[in-house]
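[1] Mind looking at a prediction? Sequence and model below.
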Amino acid sequence: MTRLTALALPLIALALAPTAARADVVARAASPDGHITLTISLDGEGRPSYAVQRNGKPLIADSRLGFMFTDAPKIERNLTLADSKQASSDTSWTQPWGEWSRIRDHHNELTLVFREKGDLQREMDVTFRLFDDGVAFRYSLPDQANLHHANIAEELTQFAFAQGGTAWWKPAYGWNREEYLYNRTPLDAVGTAQTVMTVKLADGTHVALHEAALVDYAGMNLARAEGNTFRADLTPGAGAPKVSRDAGFSTPWRTIAVADDAAGLYMNHMILNLNEPNKLGDVSWIKPGKFVGVWWNMIKGEWSWARGPKHGATTANVRRYIDFAAASGIPAVLVEGWNVGWDGNWFGNGKDMNFSQPTEDFDADGLAVYARSKGVTLIGHHETGGSASHYDGQLDTAFKWAADHGEQVVKTGYVTDAGQIERVDADGAKHREWHEGQWMVNHYLRVVQTAAKYHVSIDSHEPVKDTGLRRTYPNWVAREGGRGMEYNAWVGGKNPPEHEANLVFTQLLGGPMDFTPGVLSLSGSEGSTIHSTIAKQLALYVVLYSPVVMAADTPENYAKYPGPFQFIKDVPTDWSDTRALNGEVGDYVTIARKAKGSDDWYLGAVGDEQARSSKVTLDFLDAGRSYTAEIYRDGPGADYRTEGRHAIVIEKKQVKKGDVLSLDLAPGGGQAIRFVASGGKRKR
């Protein structure tokens, strides 16, 4: 039976060959520019493997493919290459919001059909897409005579690095979900890692392993098998199979992004291109923007989510934040703790949460009217306490209530230990799930789809990782999934100065993060200090991308720093172009972005615990036009370890395309620049 028809392409040569006593190459493919090549082999026992080369040098050595099942023999050996199909594509598409307005998708594709030689004769398809800056592949298990349903115990996917190097990674299966600092270790010292895992190989090549289009499947982690070889480690569910699906499906894409340097990794669009186009139709109702919030005082412990004398989400407090937002040109106010359910112990136990019943001291109807009169919207908050089934039962009611009260965005939360999400089946049976297991992957998508019915966007906290689904569901605007600013509020365990330079080249390669920057007071609970200069807090608005961005400090603190606060008021959250100008993982990074609908550019640079200097050429500016550079830089004596952390210089200078700027960053420092085009369009 021939299910696929081969196409002749000049850049993809395919050879069908019988299995020999040794491993034989049975297929080859190349990226559009020819620099990345792929070889597929079958060994003497019929085990398939893939290998990747870059510029003629091995990048990924022979790596296994296949599946283990809980109720059937594995698919891994006694396979033959039964058929193949090749294709090539070069298209572009437009994002409704993002770091780039237009995305080019240029790739070559090779699909292989492997068939068992024994009695079962099951087939497993593997599709590879080769881009100029990476390789992706996914499996498909068609519905067939001996495979109508798949109960997957594990993938047998491997990633065997051809050389050693340095890895930046955070551990999988820890109690604190994804909220861990990044380890920097030799590649062969990695344990079991979450993705994104970023690697700098011995020859300087940078590689990032991740996945794209995670739908109805378990999230993939990376377990080191031996040496520099890793295997896929799927997140468990409450039952024996890690994935259970009717046959006739494809897995998420396994992605291998490749670049000469860290900055090159950031410019990779593969994750987005591997996701399906927008399924929501007209999404003009999705509004990127900044927000302030009834939040930081609660994180510091001065206000409470629960009712009582310290309750933060009172009518009076929220009105004051609405007034502040309106006066500052900030379009939204986040309110946490507004609803019934926060009293008592809600951690891991959110069954009292009601997402359409405000507390008696929160005038929801009146505040919605007041906010609208000020040109401000409210951002809702749905904290489930890990009671996901309880939330499922309220989704339509909750999002209708949110829409009726003018909420364009809702922040969701799943605060409970990893592996402790409560699932309740229709028969009342209770189970415990992981945040990135198959059941929860489906739950998060149900939330996003239901919210879209009511024209509400979702900012997920304690989320499933970002795998580019914002292309398919553009109302999934942001997520947390890492250690954000809240860790800087607490006396112990603050984020180190290198943290943000780690995030850019690891987690943010997957997608936007709601980090909540902008704490200009540089002060957490009990007067504890944040490991940052004030200029770095400004730079984070450019460096850490999210279409919805918080100004996390309080109105009182912003009143103390009107000069730096001006940059927060000016910086947009939606961009038409982005350039990663330089960077090293965990050390420093400089990013420039062009505001959508404007001729203005913005630049952000952040470092680590060392003083750092670099020079950047302003090649991204338009030729023949002058710009006023509004510069916010670390001042004399600035240092995150001293009272000098607040030292800042705000100055202006005229610049043009091709000029060279020196960026001098203090320890824990940063620099933010707004380039205002003469006679240009601008949009806040």
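    Arrived safely.

[2] Give the burial count for residue 249, as a bare number.
    16 (other CB atoms under 10 Å). Any C-beta I mention is one placed from the backbone N, CA and C, and that applies to glycine too.

[3] Go ahead and confirm residue 347 touches residue 414.
    No: at 11.0 Å, residue 347 and residue 414 do not qualify as touching, with contact defined as CB atoms under 8 Å.

[4] higher neighbour count, these two?
    Neighbours were counted for residue 347 and for residue 414 using other CB under 10 Å; residue 414 has more, 27 against 13.

[5] which of the residues in stretch 484-493 are buried?
    484-489 (16 or more other CB atoms under 10 Å).

[6] Likewise for stretch 285-297?
    Buried-residue list, stretch 285-297, by 16+ other CB under 10 Å: 286-297.

[7] Who are the contact partners of the closest residue to residue 101 other than its chain neighbours?
    When the adjacent residues along the chain are set aside, residue 101 lies closest to residue 576, with 4.3 Å between them (CB to CB, 6 or more residues apart in numbering). Contact partners of residue 576, counting by CB atoms under 8 Å, 6 or more residues apart in numbering, are 100-101, 594-597.

[8] any weak-confidence spans in the stretch 101-250 of the chain?
    The stretch 101-250 of the chain contains no residues with pLDDT under 70.

[9] all strands of it, in order?
    Under the criterion DSSP state E, counting those that start in this stretch, the stretch 101-250 of the chain carries strands at the ranges 102-116, 123-131, 134-141, 149-155, 158-161, 165-169, 183-186, 192-193, 197-201, 206-212, 220-226, 229-234, 243-246, 249-250.

[10] Would you mind measuring from the nearest residue to residue 67 once chain neighbours are set aside to residue 579?
    In space, not counting the residues next to it along the chain, residue 67 is nearest to residue 75; the distance is 4.9 Å by CB to CB, 6+ apart. Between residue 75 and residue 579 the distance is 44 Å, computed by CB to CB, to the nearest Å.

[11] before we move on, what about residue 470?
    Residue 470 is 21 Å from residue 579, where distance means CB to CB.

[12] Those two: which is more packed in?
    Set residue 470 next to residue 579 and count neighbours by other CB under 10 Å: residue 470 wins out with 25 against 19.

[13] isn't the more buried one right up against residue 510?
    No: using CB under 8 Å, residue 470 is not in contact with residue 510; the gap is 10.2 Å.

[14] any chance you could map the strands in the stretch 501-650 of the chain?
    Under DSSP E, counting those that start in this stretch, the stretch 501-650 of the chain gives strands at 548-550, 575-584, 588-595, 601-606, 612-617, 626-634, 648-656.

[15] Please convert those to TSV, extending it with mean pLDDT and distance to residue 174.
    TSV is the format used below for the strands of the stretch 501-650 of the chain (pLDDT from 0 to 100; distance: least, CB to CB, whole Å):
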stretch	mean pLDDT	distance to residue 174
strand 548-550	98	26
strand 575-584	98	26
strand 588-595	98	26
strand 601-606	98	26
strand 612-617	97	31
strand 626-634	98	34
strand 648-656	98	37
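
[16] closest one to residue 163 among those strands?
    strand 575-584 (19.1 Å; CB to CB).

[17] Can you show me the CA trace of that closest one as PDB?
    Presented in PDB, the C-alpha positions along strand 575-584 are these (Å, rounded to 0.1, in the frame of the first residue of the first chain):
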ATOM      1  CA  TRP A 575       6.500  45.500  18.000                       C
ATOM      2  CA  SER A 576       6.900  45.300  14.200                       C
ATOM      3  CA  ASP A 577      10.600  44.300  14.300                       C
ATOM      4  CA  THR A 578      13.100  42.900  16.800                       C
ATOM      5  CA  ARG A 579      16.900  42.600  16.600                       C
ATOM      6  CA  ALA A 580      19.100  40.700  19.100                       C
ATOM      7  CA  LEU A 581      22.200  42.700  18.900                       C
ATOM      8  CA  ASN A 582      24.500  40.700  21.200                       C
ATOM      9  CA  GLY A 583      24.500  38.400  24.100                       C
ATOM     10  CA  GLU A 584      25.900  35.500  26.000                       C
END
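
[18] What pairs with it, parallel or antiparallel?
    strand 588-595 (antiparallel) (DSSP bridges).

[19] ok, residues contacting stretch 672-684?
    329, 535, 538-539, 541-542, 567, 569-572, 595-605, 618, 621-622, 625-632, 655, 661.

[20] PyMOL command for the buried members of these?
    Of the contacts of stretch 672-684, the buried ones can be selected in PyMOL as follows, counting by 16+ other CB under 10 Å:
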select buried, resi 535+538+539+541+542+567+570+571+572+595+596+598+599+600+601+602+603+604+605+618+621+627+629+630+631+632+655+661
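
[21] thinking again about what came up before, now list whatever residues contact both of residue 347 and residue 414.
    When contacts are counted by CB under 8 Å, 6+ apart, the set common to residue 347 and residue 414 consists of 385-386.

[22] can you give me the helices for the stretch 351-500 of the chain?
    Remark: helices assigned in the stretch 351-500 of the chain by DSSP state H, counting those that start in this stretch are 364-373, 388-392, 395-404, 438-453, 499-504.

[23] List the buried residues in the first one.
    This means helix 364-373. Within helix 364-373, the residues scored as buried using 16+ other CB under 10 Å are 364, 367-368, 370-371.

[24] Contacts only, for residue 68.
    74, 76, 152-156.

[25] How many residues are close by residue 277?
    Counted with other CB under 10 Å, residue 277 comes out at 7.

[26] Tell me the predicted confidence for the residue nearest in space to the middle of the chain.
    Nearest to the mean C-alpha position of the chain, by CA atoms, centre = their mean, lies residue 511 at 3.0 Å. pLDDT, residue 511: 98.

[27] For residue 668, see how far away it is.
    For residue 511, the distance to residue 668 - CB to CB - is 26 Å.

[28] Give me the spatial nearest neighbour of residue 614, chain neighbours excluded.
    Excluding the flanking residues, the one nearest residue 614 by CB to CB, 6+ apart is residue 663, at 5.2 Å.

[29] what's the next secondary structure element after whichever strand or helix holds the one you found?
    According to DSSP states H and E, residue 663 maps onto strand 660-665. Sequence order places strand 670-677 as the next helix or strand after strand 660-665, per DSSP H and E.

[30] Alpha carbons only: can I get that following strand in CSV?
    Provided in CSV are the C-alpha atoms of strand 670-677 (Å, rounded to 0.1, in the frame of the first residue of the first chain):
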residue,chain,number,x,y,z
GLY,A,670,21.2,47.8,32.5
GLN,A,671,20.4,50.5,30.0
ALA,A,672,17.2,51.5,28.3
ILE,A,673,17.0,53.8,25.2
ARG,A,674,14.1,55.3,23.3
PHE,A,675,15.0,56.4,19.8
VAL,A,676,12.5,59.1,18.7
ALA,A,677,12.5,59.5,15.0
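
[31] now it, how far from the centre of its chain.
    Averaging C-alpha positions (CA atoms, centre = their mean, to the nearest Å) puts strand 670-677 25 Å from its chain's average.

[32] got a list of what the residue nearest to residue 614 touches?
    Counting by CB under 8 Å, 6+ apart, residue 663 has contacts 590, 605, 613-616, 633, 671.

[33] Make TSV from those and add distance to residue 547 to it.
    Listed next are the contacts of residue 663 as TSV, based on distance: CB to CB, whole Å:
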residue	distance to residue 547
590	21
605	21
613	32
614	28
615	30
616	25
633	26
671	23
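
[34] Of the residues you listed - the most surrounded one?
    In terms of neighbours by other CB under 10 Å, those top out with residue 605 at 31 neighbours.

[35] so how far is residue 629 from the spatially closest residue to that residue that is not a sequence neighbour?
    Spatially, and ignoring its direct neighbours in sequence, residue 605 is nearest to residue 590 (4.1 Å; CB to CB, 6+ apart). According to CB to CB, residue 590 stands 14 Å off from residue 629.
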